[in-house]
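Enquirer: this one's sequence-less:
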């Protein structure tokens, strides 16, 4: 099974920006739908943003206007651009996606291991 690998997390001051990336662990044809989740210490995992196979995006109210989800099938990667970060955005961020692996007719779902984002006040 193909795994997803997130990168781009780190420590940033409030008001700063980070760009998270999500890539497959081996060769794929492309991304279908993709979702970013996050989980803060002591809290349940929550949906941050998703993009459908057709490119429609949706965001949690808490990040609307600050975060942008995108996917690049030429690069076979997904992204989460995070601007105007707040301390409450601190969490482990996870990528989940439906991947076209061997053909464009069927996809398989995959998760990443997560990347830590810490926003200091």
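Expert: Nice, thanks for sending it over. Given the structure is predicted, the values throughout are model-derived calculations rather than measurements.
Enquirer: Please count neighbours and contacts with C-alpha atoms only from this point.
Expert: Fine.
Enquirer: Could you report the pLDDT at residue 17?
Expert: On pLDDT, residue 17 comes in at 98.
Enquirer: quick one: contacts for it?
Expert: The contact partners of residue 17, by CA atoms under 8 Å, 6 or more residues apart in numbering, come to 81, 82, 83, 84, 85.
Enquirer: what's the answer for residue 101, then?
Expert: By CA under 8 Å, 6+ apart, the neighbours of residue 101 are 27, 28, 29, 30, 107, 108.
Enquirer: need those residues in a markdown table with distance to residue 40, can you?
Expert: Shown next, in a markdown table, are the contacts of residue 101 (distance: CA to CA, whole Å):
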| residue | distance to residue 40 |
| --- | --- |
| 27 | 31 |
| 28 | 30 |
| 29 | 32 |
| 30 | 29 |
| 107 | 29 |
| 108 | 27 |
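Enquirer: would you turn the residues you listed into JSON lines with secondary structure, neighbour count and distance to residue 38?
Expert: Shown next, in JSON lines, are the contacts of residue 101 (DSSP: H, G, I helix; E, B strand; the rest coil; neighbours: other CA atoms under 10 Å; distance: CA to CA, whole Å):
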{"residue": "27", "secondary structure": "coil", "neighbour count": "12", "distance to residue 38": "26"}
{"residue": "28", "secondary structure": "coil", "neighbour count": "17", "distance to residue 38": "25"}
{"residue": "29", "secondary structure": "coil", "neighbour count": "16", "distance to residue 38": "26"}
{"residue": "30", "secondary structure": "strand", "neighbour count": "23", "distance to residue 38": "23"}
{"residue": "107", "secondary structure": "coil", "neighbour count": "18", "distance to residue 38": "23"}
{"residue": "108", "secondary structure": "strand", "neighbour count": "14", "distance to residue 38": "21"}
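Enquirer: what helix or strand is the residue nearest the centre of the chain on?
Expert: With distances taken as CA atoms, centre = their mean, residue 36 lies nearest the centre of the chain, 3.6 Å away. Per DSSP states H and E: residue 36 is located in strand 30-39.
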